[in-house]
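Novice: sharing a model that was predicted from the sequence below.
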Amino acid sequence: MSKSVVKNSIELDSISHFFKSGDKKIHLFKDLSLSFEMGKTTAIVGPSGSGKSSLLTLAAGLEEPKSGAVYCRHGSKLLTTDELRNQSGFIFQHFHLLPELSALSNLALPLRLRGDTNFHEKSLKWLNHLGLQQRADHKPSQLSGGEQQRIAIARAFITQPNYIFADEPTGNLDKVTSEIISDLMFNCTKETGCGVILVTHSSQLAERADDCYRLVNGKLEHAS
């Protein structure tokens, strides 16, 4: 890329993506270039079907672009896709909590998978931080949508990732609950110093980000 490289960033370098529908190729975007800096929040907005979630998936290293490249730089080191995923947290519209596990166990799962022996203590600390200590033994079906999303957000941040990828994090919530969830997410971002890339239809949520881009007709426009 011709522009100067930002340290600790994810760089999309002239990426293109499409999917096939029968014999046709449906191009979502072509030759997009953008950097997401660690320590900053970036929102991607745009109409349904414009490719926002695909862009998020490519930036997270969960899928490869059809052309172009995605780089993750940490200082002078270029991270592999696996290293990027290991240093990332994910927040989804539909929470993705495991129904058979309690709130505490859902929160502790990423730590246990990493072999962190302090998973119980750290998870309890986060539950207290969320004000959900009384819900520790409740299954997701016993929690409200807002409570489930608070657990999901804490689960994303609990491993102290460098990046958070959020796909419509307030999409299933009412206005008041959305504001609570937004406050939690941005407060956690400020406390941890991670980078956040979020896709949203909410103009209120997007306006709180450091940068906002609109994806329309396969092109990115700076919206803030």
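Specialist: Arrived safely, thanks for sending. Numbers count the residues shown, from 1 in each chain.
Novice: all contacts plus neighbour counts: C-alpha atoms, from now on.
Specialist: Fine.
Novice: could I get the pLDDT score of the spatially most central residue of the chain?
Specialist: Note on the chain: the residue nearest the mean C-alpha position is F165, at 1.3 Å, using CA atoms, centre = their mean. pLDDT recorded at F165 is 94.
Novice: now the helix or strand hosting it, how far from the chain's geometric center?
Specialist: Using DSSP states H and E, the element containing F165 is strand 163-167. Put simply, strand 163-167 sits 1 Å off its chain's centre (CA atoms, centre = their mean, to the nearest Å).
Novice: same check on stretch 191-211?
Specialist: Here stretch 191-211 is found 9 Å from its chain centre; the criterion is CA atoms, centre = their mean.
Novice: please spell out which residues along it are buried.
Specialist: Buried residues in stretch 191-211, counting neighbours by 16 or more other CA atoms under 10 Å, are found at 192-201, 205-206, 209, 211.
Novice: what sits closest to L101 if chain neighbours are left out?
Specialist: K139 (6.0 Å; CA to CA, 6 or more residues apart in numbering).
Novice: let me see the mean pLDDT of stretch 123-135.
Specialist: 89.
Novice: which other helices and strands does the longest helix anywhere in the chain contact?
Specialist: In the chain, taking DSSP state H as the definition, the longest helix is helix 175-192. Packing partners of helix 175-192 (3 or more CA pairs under 8 Å, 6 or more residues apart in numbering; DSSP states H and E): helix 145-157.
Novice: can you tell me what sits against the helix it packs on?
Specialist: Contact with helix 145-157 is made by 88-92, 95-97, 103, 106-108, 110, 126-127, 130, 132, 140, 164, 169, 172-173, 177-178, 181, 184-185, 188, as judged by CA atoms under 8 Å, 6 or more residues apart in numbering.
Novice: so which of those residues sit within strands?
Specialist: Among the contacts of helix 145-157, the residues falling in strands (DSSP state E) are S88, G89, F90, I91, F92, I164.
Novice: pick out the most distant pair among those residues.
Specialist: S88 and F92 (13.3 Å; CA to CA).
Novice: the longest helix of the chain vs helix 145-157, what angle?
Specialist: Relative orientation of helix 175-192 versus helix 145-157 (axes from the mean of the first three to the mean of the last three CA atoms, to 10 degrees): 20 degrees.
Novice: lovely, talk soon.
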